[in-house]
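Asker: kindly return the folded structure for what I paste below:
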Amino acid sequence: MTTHASKEAVAARLAQLPYLPMENIWALWDQYFDRRPGHHHRTWLESRLAYKIQEEAFGAMSSSLKRRLEKIGETGEVPNQKRRAENQLAPGATLIREYNGIAHEVKVLDDGRFEYQARAYKSLSGVAKAITGTAWSGPAFFGLRQPAPKRQGALA
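Answerer: Predicted structure coming up:
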């Protein structure tokens with residue numbers, strides 16, 4: 001495992017890259033790579049060197065992570081990303097939930113937050129807690145998904 005001091009040393013090395021003379025950049029390049037690229041774009045060279053310096057200090061990415069990142073780069077979509085029910089609601093939508101004989105209205109705001117009684121909440125769970133006074137799954141409380149099954153008593 002890398003210590004805090006070595007993380008600082010790596011950060012210092014990375015911070016120096018833009019200020020090194022090109023002859024030093026090429027010396028570093030030759031240290032990490034077998035051959036030089038066909039172009040001499042300094043920022044690209046620095047980015048590749050920065051990766052190699054970090055890889056040397058902290059270890060390489062796994063091949064599965066590399067494949068995932070390449071796929072994201074090609075498609076622009078993050079695979080296997082679960083979307084929360086709250087994120088699927090259109091801005092401006094209104095949710096109505098009757099609780100203890102009172103109809104409670106919640107509006108979905110443009111920034112993804114929720115407005116209830118002129119107050120903005122980050123999540124539906126926060127709204128559900130404001131209404132009930134206890135912790136609830138917001139999507140379950142508003143009927144957007146099934147509530148979690150009740151747990152059986154602990155086994156002795």
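Asker: can you give the domain ranges for this protein?
Answerer: Residue ranges for each domain of the chain read 4-75, 85-141, as given by automatic domain parsing.
Asker: now do the shortest one: distance to the chain's middle.
Answerer: It stands for domain 85-141. Averaging C-alpha coordinates over domain 85-141 and over its chain gives two centres that are 24 Å apart (CA atoms, centre = their mean, to the nearest Å).
Asker: what is the mean pLDDT for that domain?
Answerer: Per-region confidence: domain 85-141 scores 90 on mean pLDDT.
Asker: same thing with stretch 32-50?
Answerer: Stretch 32-50 carries an average pLDDT of 93.
Asker: sorry, back to before: which of the domains of the chain sits most buried?
Answerer: Highest mean neighbour count of those: domain 85-141, a mean of 14 (counted as mean count of other CB atoms under 10 Å). For glycine as for every other residue, the C-beta is placed from the backbone atoms N, C-alpha and C.
Asker: before we move on, what SS does residue 105 have?
Answerer: Reducing the assignment to helix, strand or coil with DSSP: H, G, I helix; E, B strand; the rest coil, the entry for residue 105 is strand.
Asker: measure it to residue 89 for me?
Answerer: For residue 105, the distance to residue 89 (CB to CB, to the nearest Å) stands at 14 Å.
Asker: what residues are shared contacts of the two?
Answerer: Both residue 105 and residue 89 are contacted by residue 95, under the criterion CB atoms under 8 Å, 6 or more residues apart in numbering.
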